[in-house]
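> Next input, structure requested:
(chains A and B)
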Amino acid sequence: MQCVTHEAILKAGRYSDVHLEDGEAEIAKRLYRFMLRLRMCEEALAREYHPADEMRCPVHFCVGQEAVPAALSLLMRDEDYLYCHHRSHGYFLAKGSPMEALFAELYGKSTGANAGLAGSQDISYAQRRFYSGAILAGATAIAAGTALALQMGRTGLVSVAGFGESATDEGIFWETINYAALAKLPIVFVCENNNYSVFSPQLKRTLLDNISERVATFGMVAKPIFGNDAMLVHRTLRDAVERARTGEGPTFVEAYTYRWSGHYGPASDDLVGYRAAEDLEAWKRNCPIELLGQALRSRGLLSETDSKTWTKEYEQEVALCFRFAKSSPFPDKPDWKSLNLSNATPQADKLLVDLDVAEFDAHQESVQAKGY
Amino acid sequence: MNPKGAPRVAPQTAVAPAHPETSFADALRQGMNQAMEMDRGVILVGQLVDYAPGVFGSTTGLAERFGTDRVRDFPVSESAMTSLGIGAAIAGMRPVLVHHRLDFMLYSIDAIVNWLSLWRFKSNGKSSAPVTIRAIVGRGWGQGPQHSKSLHAWFAHIPGIKVAMPATAFDAKGLLLESIFGEDPVIMIEHRSLFGLKDAVPEVPYRVRFGRAALRREGSDVSLVAAGVMVPFALRVAAQLSEEGVSADVVDLRTIAPLDTGAVLKSVEKTGRLAVFDPTWGSFGMAAEVVARVSERLGRRLRADPLRICHPDSHTPMSSALETLYYPQETDAVKKIRSLVS
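A predicted model of the protein is given here:
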């Protein structure tokens, strides 16, 4: 297994291996456009977050981590399922969920993806089979359950779990890796290793930074890669998705990347002193958008006009999304019960007979029989 | 009429006579078998479910009939097991998970509380996870503190989860089927000492609805409200009380989330006295909830202080001598209730 670590990436300096294989020009352009759109969406949200304070929920921005969602956006079918962590916006868009529903959700509006019930870190868009959650590793196991259903239904569909490396600190993560390998589930695990659980670096939490190696010992294919090379990420995930689709089983992809913003919110949390300023600068020099942009430009695939056109397009889209979110109404007072439980039982109505009986003999000896 | 002469109440809905006598465990097996026949999306997941003894007889023969894909043994990974059930349900399946002891299920408390219970809520009703979790609770024969906890109140406390506590074979089957084909997550608390109990169980796939208590016995002096293993206990207590001229209503809650407050109030309105039988610790529990709901509505009309018959606020001892002191005894309960009435 090729060894990748955060230390090795920093040591190597500016990354220069982005390359395009035959027939990848269109893919490269689409990846670039997705990443640009996501970056502009995130930066606009970050600018608006404070001091307006109209988005009153924790938001974990994914600036710097655009490559994985970009690759997934090209590889996943509408019917595939995607589960991810709290840094959710890239995945939300990767599944084709509408940006205005994201914005309205952050504003707590009735037109939000979840009508203001979930916010950024719990957002879902079931119509596109996209789900997220903030309790780290939980969703990886849920994604595996969906993979089980897809496998049993012989659907040829896949389930993808996106998470950070901190999720691998949890026991349930390893239970899931074990079972996915054992049952050969059609799932792709994609770990965005950004090195930090809030402030705490990986090597403060585990003796070794060898997650992929550990996963491989469960009998699962594991691929650690430099995660800001969108082409490499795309190729690796493409093979992983293909393996899952064709019944060859799960793959674990560990994409090394870095978050530019603080753990949450738009402000930097670097004052805490948990990471070196030069590390952040080094990673910014390895910006996934810029790395791919340069590769495209050097091949004559990205012109100045393209950049301007797309930038303008996304500026307009973002502006429309803000207008939509801000002008949408807040939710009315809900019926709390029906928010939490279903009002109807259509399946039971169809399949089961209504019978009842109150008769019961309480004086049977077996009641007091051996408990075990 | 049963041997001790306790009067029986008429069935609430007519049931054709002469249903086969079936044990609680066999009723569960029968319900599961029918659910799997009716819907290919129904799967059973749990440790050892595909071995001949099954889960105390409640799963026997299912693996042979439906295959080990649908009757799926699982590693000792309860946490992942519950989450897998959630993920399968989101994709349209109807998974049934079973734990030989509820205590092991606690590994999956994150999956239940942080994911399963709020899945419908946080998607604004766009996605749901109808997972049925069977949790078996041990009692007696030295089960001790890690094999005997009935934590139904924990789960009933959480929005978005239904909690069933069947006391009869009839209800075990009907509630299992209702859970599997309902749209909400259900935790079904099954008291192991009920598994051998028999009653008439119709062969058709029928439902027992959530939030509908059953009046198991009619009386006028005191309302005995119970769930799960405490239902037959309360009925025997009621039989003893009747020999002393005290007549008791026995309300079997059947499900505690939702809880049939109306049935309890109706009974207590009539009797003016309340004793709640809860097979666990008293503090912050189901019995406390019933007493609270009655007090809020009928507090000034109660003719005696409400009573809780529960376990002491202590973990369960192993020694049989201590078990006798720990678990409520019928004669004690009779004495306490008698003092409410006199």
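> out of everything not next to it in sequence, what's closest to the residue in the stretch 1-150 of chain B that chain A sits nearest to?
Closest to chain A within the stretch 1-150 of chain B is B:Gly87: 2.3 Å, counting by Cβ to the nearest Cβ. In this view, the C-beta of every residue, glycine as well, is placed from N, C-alpha and C. Sequence neighbours aside, A:Gly145 is the residue nearest to B:Gly87 in space, at 2.3 Å (criterion: Cβ to Cβ, 6 or more residues apart in numbering or on different chains).
> Okay, and the one you found sits in which element?
Using DSSP states H and E, A:Gly145 sits in helix A:138-152.
> Next, find the distance separating the residue nearest to B:Gly87 from A:Ala71.
From A:Gly145 over to A:Ala71 the distance is 24 Å, taken as Cβ to Cβ, to the nearest Å.
> coming back round to it: by contact count, what packs against whichever helix or strand comes after the helix holding A:Gly145?
The first helix or strand that comes after helix A:138-152 along the chain, using DSSP H and E, is strand A:159-164. If you count contacts as 3 or more Cβ pairs under 8 Å, 6 or more residues apart in numbering or on different chains; DSSP states H and E, strand A:159-164 packs onto helix A:67-75, strand A:81-84, helix A:138-152, strand A:187-193.
> Dump the ones you listed into CSV; add mean pLDDT and mean neighbour count as well.
Formatted as CSV, those follow (pLDDT from 0 to 100; neighbours: other Cβ atoms under 10 Å in any protein chain shown):
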stretch, mean pLDDT, mean neighbour count
helix A:67-75, 98, 26
strand A:81-84, 98, 30
helix A:138-152, 97, 28
strand A:187-193, 98, 28
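> so which of those comes closest to A:Ala113?
For A:Ala113, the closest of those is strand A:81-84, at 13.5 Å, according to Cβ to Cβ.
> Report the distance from whichever helix or strand comes after the closest one to the chain centre.
Next along the chain after strand A:81-84, taking DSSP H and E as the criterion, comes helix A:89-94. The chain centre lies 7 Å from the centre of helix A:89-94; the measure is Cα atoms, centre = their mean, to the nearest Å.
> and what of stretch B:323-332?
Relative to its parent chain, stretch B:323-332 has a centroid offset of 20 Å by Cα atoms, centre = their mean.
> host element of the spatially closest residue to A:Leu339 that is not a sequence neighbour?
Of all residues not flanking A:Leu339 in the chain, B:Phe121 sits nearest, at 5.3 Å (Cβ to Cβ, 6+ apart). Per DSSP H and E: B:Phe121 is located in helix B:119-122.
> Give me the helices and strands touching that helix, please.
Other helices and strands packing on helix B:119-122, by 3+ Cβ pairs under 8 Å, 6+ apart, are helix A:336-340.
> The helix it packs on: what's the following helix or strand?
Next along from helix A:336-340, by DSSP H and E: helix A:346-351.
> and the very next helix or strand once past that following helix, which strands flank it?
For helix A:346-351, the succeeding helix or strand toward the C-terminus, using DSSP H and E, is strand A:353-354. If you go by DSSP bridges, strand A:353-354 pairs up with strand B:206-207 (parallel).
> Can you give the contact residues for the partner strand?
With contact meaning Cβ atoms under 8 Å, 6 or more residues apart in numbering or on different chains, strand B:206-207 is reached by A:Ala348, A:Leu352, A:Val353, A:Asp354, A:Leu355, B:Lys173, B:Gly174, B:Leu177, B:Glu178, B:Phe181.
> Now with 10 Å, please.
Strand B:206-207 is contacted from outside by A:345, A:348-349, A:351-357, B:13, B:15, B:31, B:34, B:170, B:173-179, B:181-182, using Cβ atoms under 10 Å, 6 or more residues apart in numbering or on different chains.
> And the contacts of the very next helix or strand once past it?
The helix or strand immediately downstream of strand B:206-207 is strand B:214-217, counting by DSSP H and E. The contact list for strand B:214-217 (Cβ under 10 Å, 6+ apart) reads A:356-360, A:362, B:6-9, B:11-12, B:167-168, B:170-171, B:208, B:223-224, B:226, B:231-232, B:234-235, B:238-239, B:242, B:247-254, B:260, B:263, B:266-267.
> again with stretch B:51-64
Against stretch B:51-64 from outside (Cβ under 10 Å, 6+ apart): A:372, B:23-33, B:36, B:44, B:46-50, B:68-73, B:96, B:98-100, B:134, B:136, B:172, B:176, B:190, B:192, B:195-196.
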